[in-house]
Structure formats: structure tokens, C-alpha cells
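Asker: One predicted model, sequence on top.
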Amino acid sequence: MCLSYFRRVTKSRELKLLPMVYWDGLFSFQNLEEEEQMSKESPAVFEAGQTTNTPLTPNSNAKASASGDANDDTQIQFLYNNTIVYWSPSVSSAFTEVTNDRDRGNAVVTFKKGLKVEYLAQAGGMYTVTVTGVIVDSGSPYHLTGKSLGSFPQAQSG
């Protein structure tokens with residue numbers, strides 16, 4: 001069993017931390033009263049801690065983790081088989097683009113020089129992180145063009 005917290009901003013912009021338990025592959029609220037109260041309020045706004053895990057090639061993937069801070073800092077990890085990190089750039093509303101400066105990887109997967117990650121502001125208070133470039137997997141090149149690594153809510157100015 002693992003204890004975690006669900007961060008929620010209510011309609012009145014109050015931050016609530018609701019304890020949750022992870023058991024047998026499922027998250028559930030620790031207290032049913034909290035779950036009932038939450039269902040009566042406005043929809044949840046997800047904030048910090050959102051992470052996506054996107055397959056890129058048969059043996060590579062990318063994790064994007066939004067910080068929820070004022071600059072929408074988002075850390076990306078490019079991994080071999082979801083285990084070994086070979087490149088770990090970050091983008092934000094202040095630094096919207098980062099490019100891999102050299103080939104990185106191993107004998108199976110190589111994240112090629114020029115692989116580019118972008119922060120793209122979207123309508124509706126969201127932003128999307130994309131990747132463009134070449135990854136070589138088992139000798140075959142995979143050309144990615146604007147592949148989404150995730151969409152996240154932008155920081156709210158208050």
C-alpha cells in the first residue's frame with residue numbers, strides 16, 4: 001500500500017490535498033466523505049506532478065513531468081526501455097525550445113543530434129510539449145515530426 005495526495009484547486013481557488021491510497025493497481029480516496037464532497041464541487045484542475053510516458057520507438061520512450069510552477073517548467077527524460085535516461089532537457093514558457101547537441105544512447109537506441117523538444121502554448125490555458133527529429137532503434141531510423149509528449153494546464157496568473 002502506498003499513500004499519495006491528490007492536489008485539487010476548488011472553484012474558490014483554495015488548494016486541497018486529499019489523501020489517497022494505492023492498493024492492488026488502483027488509487028482510491030482514503031476517506032469516502034472527501035470523495036463525496038469532491039464530486040459535488042467543480043471539476044478538478046490538475047497541477048504539479050503530472051507526468052506522461054510516451055512510447056517513441058520499440059525500445060525508447062519519453063517521460064514529460066510538468067512542475068505546475070509559474071513558468072510551466074517541464075522536465076523531459078528520453079529513455080532506453082523505460083530504464084536508462086540518455087537525455088534530460090527541460091522546456092518552459094521562458095525557454096520554449098531545446099535541441100540535443102550530440103548523439104546519445106547505446107548500441108540499441110540512439111537519440112540523434114538535432115532532436116528538438118518544444119513548448120507550444122495552446123488556447124484554453126493549456127500547453128503541449130512536442131519532439132521532432134530522429135531516433136535510431138535497432139539500426140532503423142524513426143523520424144518524429146511534432147510528436148506530442150503531453151498537454152498540460154498553464155500556470156494561472158493570479
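Answerer: Looks like it arrived, so ask away.

Asker: CA atoms only: put stretch 123-143 into CSV for me.
Answerer: Backbone C-alpha positions of stretch 123-143 (Å, rounded to 0.1, in the frame of the first residue of the first chain) are rendered in CSV as follows:
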residue,chain,number,x,y,z
ALA,A,123,-5.7,28.0,-26.4
GLY,A,124,-7.8,27.4,-23.3
GLY,A,125,-4.9,27.7,-20.9
MET,A,126,-3.0,24.6,-22.0
TYR,A,127,0.4,23.9,-23.4
THR,A,128,1.8,21.0,-25.3
VAL,A,129,5.3,19.6,-25.4
THR,A,130,6.5,18.0,-28.7
VAL,A,131,9.5,16.3,-30.1
THR,A,132,10.9,16.5,-33.6
GLY,A,133,13.9,14.7,-35.0
VAL,A,134,15.5,11.2,-35.5
ILE,A,135,15.9,8.3,-33.1
VAL,A,136,17.7,5.2,-34.4
ASP,A,137,16.4,2.0,-32.9
SER,A,138,18.0,-1.4,-33.7
GLY,A,139,19.6,0.2,-36.8
SER,A,140,16.4,1.7,-38.2
PRO,A,141,15.8,5.5,-38.2
TYR,A,142,12.5,6.7,-36.8
HIS,A,143,11.6,10.3,-38.0
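
Asker: What average pLDDT does that stretch get?
Answerer: Averaged across stretch 123-143, pLDDT comes to 95.

Asker: what does that stretch contact?
Answerer: The contact list for stretch 123-143 (C-beta atoms under 8 Å, 6 or more residues apart in numbering) reads 56-60, 62, 64, 72, 74, 76, 91, 93, 100, 105, 108-112, 114-122, 144-154, 156. Using the backbone N, CA and C atoms, a C-beta is placed for each residue, glycine as well.

Asker: so what's the backbone phi/psi at the nearest residue to G150 once chain neighbours are set aside?
Answerer: Of all residues not flanking G150 in the chain, T52 sits nearest, at 3.6 Å (C-beta to C-beta, 6 or more residues apart in numbering). Dihedral angles of T52 (phi, psi; degrees, to the nearest 10) stand at phi -110, psi 160.

Asker: Equivalent analysis for S65, please.
Answerer: The phi/psi pair for S65 (degrees, to the nearest 10) is phi -120, psi 120.

Asker: pretty sure it contacts D73?
Answerer: No - in this structure S65 lies outside contact range of D73 using C-beta atoms under 8 Å: 9.2 Å.
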